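# Got a predicted structure plus its sequence, pasted below:
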Amino acid sequence: MDLLTSLKISSSGLTANKKRMAAISSNIANAQVTRTEQGGPYQPKDVVFGTEPAKESFSEILENEISEMPQTVVAKEVVNNKKAPILKYEPNHPDANPQGYVAYPDINVMAEMANMIEASRAYEANINALNTSKSMALKDLEIGR
Amino acid sequence: MNIDDKTIQALSASLKFRQMRQELIASNIANAETPGYKAKKIDFEEALARALDTDGELNMKVNNQKHYNIGGGGFKNLEPEIIEDANGIISPDGNTVDRDSEMSQMVENKVMYDANVQLLNKKLGLLKYAIGSDNR
């Protein structure tokens, strides 16, 4: 255990929240997209977070399984939200179905914005933790001065 | 005189544990939104006090000469406890991290860490002074 591990943990938090940010901005940008390469409207994306041991060697990971040890966070996967598209009646739209309905992705821009603020706060918190670890490590160098 | 005395041992043990605490807090903050993650904390103050035992009150009392104190183990055997932080906060996804409290704990930990380093420097300064190596 040392401060460099703390730095690694905090930077994992930064990376994970950046991925989350990418998914959110993709959702906001594509909120009105009715036509994609896969066909059909855009599928909203969600990022799933999971933990991973902060250590690398086998013995350390084994120890990790036995006792409570610090863990890094990783964005495990990006999943497509299963929400059904919203149908709007727009008969003149090029992507309208024979009944005149257009399928729009079910994206609540307001909710995405709230999510974005949360991601940005989480990012700030991790930066803060990183800076604290850094200044503690620098303080170490003053021992014996 | 013993250079590696109780003060230095206690201070360095405390520095080590505060580094561990910083690591756990960083882990808690990073995982503040990981489903099912349980906040963790480390308790070392009591173990450290037992090892220090300045007033001798934590010694085992004996009423028979054949009983002997197996001791607190001293600084070498200090085992801090890492436990799940039962703060009563559980979000619907099973996460128990309270980010605000983690942040304030981190600040406290940092201040105490810096104080610790300063104390260590004072102690080392005294030794240096006694040695008189720098002719000040």
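The structure has been received and is ready for your questions. Numbers count the residues shown, from 1 in each chain, chains lettered A, B, ... in the order given.

# wait, is A:A75 part of a strand?
Yes. Secondary structure of A:A75 (DSSP: H, G, I helix; E, B strand; the rest coil): part of a strand.

# Quick check, it in contact with A:V47.
Yes. Counting by Cβ atoms under 8 Å, A:A75 does reach A:V47; the two are 5.0 Å apart. (Each C-beta comes from the backbone N, C-alpha and C, glycine too.)

# Pull up the overlap in contacts between these two.
Counting by Cβ atoms under 8 Å, 6 or more residues apart in numbering or on different chains, the contacts common to A:A75 and A:V47 are A:A16, A:K19, A:R20.

# Per-residue pLDDT of the second one, please?
The predicted local distance difference test score for A:K19 is 93.

# do A:T51 as well
86.

# Could you verify that it is part of a helix?
No. Under the criterion used here (three-state DSSP), A:T51 is strand, not part of a helix.

# Am I right that it is in contact with A:M69?
No. At 10.3 Å, A:T51 does not count as touching A:M69 under the criterion of Cβ under 8 Å.

# now for the helix or strand hosting A:V102, which elements pack on it?
Following DSSP states H and E, one finds A:V102 within strand A:101-104. Judged by 3 or more Cβ pairs under 8 Å, 6 or more residues apart in numbering or on different chains; DSSP states H and E, the packing partners of strand A:101-104 are strand A:86-89.

# ok, and what's touching the strand it packs on?
Contacts of strand A:86-89 (Cβ under 8 Å, 6+ apart): A:G100, A:Y101, A:V102, A:A103, A:Y104, A:P105, A:D106.

# Tell me where the chain has strands.
Answering for chain A, as no chain was given. A:45-53, A:71-80, A:86-89, A:101-104 (DSSP state E).

# Sorry, I should have been clearer: chain B.
Counting by DSSP E, the strands of chain B are B:40-43, B:81-84.

# Can you pull the residues of chain B lying near chain A?
B:15-16, B:18-20, B:22-27, B:29-35, B:37, B:40, B:82-84, B:99, B:103, B:106-107, B:109-110, B:113-114, B:117, B:120-121, B:124 (Cβ under 8 Å from any Cβ of the partner chain).

# and those, which are buried?
B:15, B:18-20, B:22-27, B:29-34, B:37, B:40, B:82, B:103, B:106, B:109-110, B:113, B:117, B:120-121, B:124 (16 or more other Cβ atoms under 10 Å in any protein chain shown).

# List the contacts of the closest residue to B:A47 other than its chain neighbours.
Leaving out its chain neighbours, the residue that sits closest to B:A47 by Cβ to Cβ, 6 or more residues apart in numbering or on different chains is B:L78, at 5.4 Å. By Cβ under 8 Å, 6+ apart, the contact list for B:L78 reads B:A13, B:F17, B:F44, B:A47, B:L48, B:A51.

# redo that, cut-off 6 Å
B:A13, B:A47, B:A51 (Cβ atoms under 6 Å, 6 or more residues apart in numbering or on different chains).

# any idea of the mean pLDDT for the longest helix anywhere in chain B?
Identified as the longest helix of chain B according to DSSP state H is helix B:99-131. If you average the pLDDT over helix B:99-131, you get 92.

# I'd say B:G94 and B:G36 touch.
Yes. Counting by Cβ atoms under 6 Å, B:G94 does reach B:G36; the two are 4.3 Å apart.

# Name the residues of stretch B:39-54 that are buried.
B:A39, B:K40, B:K41, B:I42, B:F44, B:A47, B:L48, B:A51, B:L52.

# which among those residues gets closest to chain A?
B:K40 (4.9 Å; Cβ to the nearest Cβ).

# The closest one pairs with what?
Taking DSSP bridges as the rule, B:K40 bridges to B:E84.

# My guess is it contacts B:A26. True?
No. Contact criterion Cβ under 6 Å: B:K40 and B:A26 do not qualify, at 11.1 Å.

# coming back round to it: starting at the chain centroid, how far to the strand holding A:V102?
Relative to the centre of its chain, strand A:101-104 is centred 28 Å away, using Cα atoms, centre = their mean, to the nearest Å.

# That strand - what's its average pLDDT?
Mean predicted confidence for strand A:101-104 is 92.

# outside of it, which residues touch it?
A:T34, A:P41, A:P85, A:I86, A:L87, A:K88, A:Y89, A:E90, A:H93, A:D95, A:A96.
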